[in-house]
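[1] curious how this folds, go ahead:
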Amino acid sequence: MPSPSDDIPVTSTLTPSPSPFPTSSALSDDPSTSFSHGNGPTTTTLPVHGHKHHEGPLMYKAYVMPYSWYWILGVFGLMVTCHVYRQVKHGYRKRRYIRRMNENQTSTYKPISTNDETEEDEHQSLQPNATTSTTSTTTTKDSDKGQPNVFRRFTTGLSASFRNKMYLTSFPWWLYGPETYMDATFTILYCTVYMYLCLHLTDSWFPLRNDNIANRFGIMSFSQLPIILLLVSKNNPISSLTGITYQKLNYLHRASSRICLLTSWGHAILWTPRVWEARDFRQYLLCGIAALFGFTMLWVTSFRFVRRMAYEFFLASHIIFTIMYLVGAWFHWRWLGQWVIPAMVIWIFDRLLRFAQVIYQNNFHKPSKWATSGDCKIELLDHDVMRITIRRDNFHWKAGQHAFISAPSISGLPHESHPFSIANVPTEMTNEAYFLVRVHSGFTKRLRTSLSSDLTTNIPLYIEGPYGYPHSLDSYSTVLLLAGGTGVTFVLGHFLQILQNLRKGKSAVKKLHLVWHIRHSEDIEWIAPLLNQGIQDSLEVRSDIEITIDIYVTKTHSSDEPWPPELDIHLNDVNQALHSIGPRILQLREQEQWDDGCRTCTPVTPIVESRDEPILLPKRQVVLGRFGLSAETAEKVNWRKGRANLGKVVKADVESSVGPMNVSVCGPVQLLQASKAAVREVSNMKSCMEGMGSIDFFEETLGA
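    Residues are numbered from 1 along each chain as shown. Got it, this is the predicted structure:
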């Protein structure tokens, strides 16, 4: 416990009534301190550890500025430096690989499987019990790109080990979930530094002297307000400077909020004995109590299960309690307004900017277009899946970004809007944004109920965005995209963006692999038009680019039962049959005889011209034809049963890669965890020392 200081007198009076509010500034115990309406001193002259005498607010600034913001600026300076280095490295690597590809049209890349292999062998190589040796693949890989030197292998191994432990390993959900070790480490370090700054060079724990821990807790709480509000805002500049999306920066927001809550309660608890003894309940003390209550409720309502079960309540409560906290903090101790005012400005500016985006992007600023400002198309693809198409001339986005959608006609609250990933990228012909929406409770359920038919255009929807930092994957040699259900929207945007950039000669990707888990085979219709568009773009790409689409069906009888032996036709025969029957099926879809409203029944017109000469197709290829895949796209699609063995998938791709590899995933929590486990298993110190290339991992956790 800090020892008393001889140069600071101990007051024998309780003239300045103490405050239990957590974010109060340092109250002077000196009887000479004057007060103005119980809202803080007008002047204060105090000797503090040999420093010059400071008056009122100047003393607080001297306390806070060196202690808190130097540390905060140092942290973000390091993050910005890492981002700049990463951008320079990826840009240089992409230019180098593109130059090599242009100089040497005959690539040395050798895919794992060739057209001479049967589908059964290809499928066997990806199964959990497969024992096929990868010696030949490894030998080919080594002979093609050569073994890196020992130093590079060692640094790659260290990077992989750090990534596996800090970013790809999470605490058990009952202990500290869903935080990763990196999140926990930063939170602990952040709190430790601030606790040290609070305890450093103070005279006492309780407010018996001028410089005490109770007051320091209050000062440090106030100093966190601007950074807390800046990190949670959608339009913060930190994302652009660090390359970290605002939802990923949320763990920094949580760290600063936790230390603010901790110091707030510490300040209140240490001041409570004096407040209780003095029976002081002046206005500024009540404002402090109200602010403490608002901040505590912000913490209580931010738990993951609250966001999942009652998202609208989470949004509304956060707005109400944020206003309660900021107003209460201001009236509690106005001499620390240099922290409250910037926090209010940041919060209000973000709200106004979002409102201005909605007005501009939806043409509310043009009265002549008010009649069409909310135009959209909503298609009911399944009983719990909708596809929303929105076209806005003033809305522009890149792969991996998302937007907020609002529907005032069905919203429960005026401000209600919800984030959804954009499934496509703008093209030269159109900038229509596609969204795949899974129906849950709340907003999506009300939207589903309000549909008048499978195709509805009379519900006005308004868009806001885009948000999220658009990570480019064009500098990697191999890109593996993993998705589950409607999580395909995130990875599909990258899939289409890479193909588009390949056609323009702006991408170094040589192998593009999409793995998608769906419940039923007919779910392929969700993205069939976009896949056809992407594969059409790929036709203009050099032939050495390998594009593979693996579809895993998890909830139909076909995923549990083996394929009938008579349907195991050679892949080449299947493709020939598709080329002959595909145009006929697509023609039927445009006729009235095709029942497009039924997602599981067969067409009225038979798919063969004569029963005497039937075309024997595997069940999966019939589904492809029925649900809109072109013949070119069908050649790229491989149908699987059950769930993918992600460990074997990642290993196969990285062993065939001639350069660095990226794994991006979006989907259910189980898929995210399985993907992390697969990368940890394949890429580690041992495998890197044996010559395996580096793997970068990215997960999208929108709304998590």
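
[2] what about the protein, any weak spots by pLDDT?
    Applying pLDDT under 70 to the chain flags residues 1-67, 104-148, 174-178, 208-211, 541-543, 556-627, 703-704.

[3] how about the longest helix seen in it: buried residues?
    Among all segments of the chain classified by DSSP state H, the helix with the greatest residue count is helix 70-103. The neighbour-count criterion (16 or more other C-beta atoms under 10 Å) identifies Ile72, Val75, Met79, His83, His90, Arg93, Lys94, Tyr97, Ile98, Met101 as the buried residues of helix 70-103. C-beta coordinates here come from the backbone N, C-alpha and C atoms, glycine included.

[4] I figured the first one hits Ile228, correct?
    Translated: Ile72. No: in this structure, Ile72 sits apart from Ile228 without contact. The criterion is C-beta atoms under 8 Å, and the distance is 11.0 Å.

[5] the helix or strand containing Arg258 relative to helix 70-103, how many degrees between them?
    In this structure, Arg258 sits in helix 250-278 according to DSSP states H and E. Following axes from the mean of the first three to the mean of the last three C-alpha atoms, to 10 degrees, one obtains 170 degrees for the angle between helix 250-278 and helix 70-103.

[6] so after helix 250-278, what's the next helix or strand?
    helix 283-300.

[7] output the contacting helices and strands for that following helix.
    Packed against helix 283-300 by the contact rule (3 or more C-beta pairs under 8 Å, 6 or more residues apart in numbering; DSSP states H and E) you find helix 250-278, helix 311-332.

[8] Lys511 is nearest to which of those?
    helix 250-278 (32.3 Å; C-beta to C-beta).

[9] mind giving me the packing neighbours of the closest one?
    Packing partners of helix 250-278 (3+ C-beta pairs under 8 Å, 6+ apart): helix 181-199, helix 213-223, helix 225-232, helix 283-300.

[10] the longest helix of the chain to helix 213-223, inter-axis angle?
    Counting by the same axes, to 10 degrees, helix 70-103 lies at 40 degrees to helix 213-223.

[11] how far off centre is helix 70-103?
    On the basis of C-alpha atoms, centre = their mean, to the nearest Å, the separation between the geometric centre of helix 70-103 and that of its chain is 20 Å.

[12] cool, stretch 162-178 as well?
    16 Å.

[13] find the nearest non-adjacent residue to Gly442, please.
    Taking C-beta to C-beta, 6 or more residues apart in numbering, and ignoring the residues beside it in sequence, Gly442 has Glu312 as its nearest neighbour in space, at 5.7 Å.

[14] from Ser406, how far off is that neighbour?
    As defined by C-beta to C-beta, to the nearest Å, Glu312 lies at a distance of 12 Å from Ser406.

[15] okay, and the common contacts of the two?
    The overlap between the contact sets of Glu312 and Ser406 (C-beta atoms under 8 Å, 6 or more residues apart in numbering) consists of Glu416.

[16] and those two? which has more neighbours close in?
    Ser406 (22 against 16; other C-beta atoms under 10 Å).

[17] what's across from that one in the sheet?
    Tyr462 (DSSP bridges).

[18] still on that earlier bit, okay, the helices and strands packed on helix 250-278, which one's buried deepest?
    helix 213-223 (a mean of 28; mean count of other C-beta atoms under 10 Å).

[19] now that helix, how far from the centre of its chain.
    From the chain centre to the centre of helix 213-223 is a distance of 33 Å (C-alpha atoms, centre = their mean).

[20] now that helix against helix 311-332, angle please.
    Computed with the same axes, to 10 degrees, the direction of helix 213-223 lies at 120 degrees from that of helix 311-332.

[21] tell me what helix 213-223 is packed against?
    Applying 3+ C-beta pairs under 8 Å, 6+ apart, one finds that helix 213-223 contacts helix 57-64, helix 181-199, helix 250-278, helix 337-361.

[22] now distance to Thr389 too, for the ones you listed, in JSON lines please.
    Converted to JSON lines, the helices and strands packed on helix 213-223 look like this (distance: least, C-beta to C-beta, whole Å):
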{"stretch": "helix 57-64", "distance to Thr389": "51"}
{"stretch": "helix 181-199", "distance to Thr389": "36"}
{"stretch": "helix 250-278", "distance to Thr389": "30"}
{"stretch": "helix 337-361", "distance to Thr389": "15"}
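
[23] of all these, which lies closest to Phe222?
    Taking C-beta to C-beta as the criterion, helix 337-361 is the member of the helices and strands packed on helix 213-223 that comes nearest to Phe222, at 4.3 Å.

[24] looking at the helices and strands packed on helix 213-223, which is nearest to Ile695?
    Shortest distance between Ile695 and the helices and strands packed on helix 213-223, using C-beta to C-beta, is found for helix 181-199: 16.9 Å.

[25] so what secondary structure elements neighbour that closest one?
    Other helices and strands packing on helix 181-199, by 3+ C-beta pairs under 8 Å, 6+ apart, are helix 70-103, helix 150-166, helix 213-223, helix 250-278.

[26] go with 6 Å
    helix 150-166, helix 213-223, helix 250-278 (3 or more C-beta pairs under 6 Å, 6 or more residues apart in numbering; DSSP states H and E).

[27] what does stretch 92-104 rub up against?
    Stretch 92-104 has contacts (C-beta atoms under 6 Å, 6 or more residues apart in numbering) with Asp474, Ser475, Ala508.

[28] which parts of stretch 679-687 are buried?
    Counting neighbours by 16+ other C-beta under 10 Å, one finds that the buried residues in stretch 679-687 are Val679, Arg680, Val682, Ser683, Asn684, Met685, Ser687.

[29] between which two of those residues is the distance greatest?
    Val679 and Met685 (13.6 Å).

[30] now Phe206. Nearest residue, chain neighbours left out?
    Nearest in space to Phe206, with sequence neighbours left out and distances taken as C-beta to C-beta, 6+ apart, is Leu270 at 5.6 Å.

[31] again with Ile535
    Distances taken as C-beta to C-beta, 6+ apart place Thr633 nearest to Ile535, at 4.5 Å, with adjacent residues excluded.

[32] contacts only, for the one you found.
    Taking C-beta under 6 Å, 6+ apart as the definition of contact, the neighbours of Thr633 are Leu531, Asn532, Ile535.

[33] identify those among those that sit within helices.
    When those are checked against helices using DSSP H, the ones located there are Leu531, Asn532, Ile535.

[34] ok but Thr389 is inside a strand, no?
    Yes: read with DSSP: H, G, I helix; E, B strand; the rest coil, Thr389 is one of the residues of a strand.

[35] pull the number of nearby residues for it.
    Thr389 has 17 neighbours, counted by other C-beta under 10 Å.
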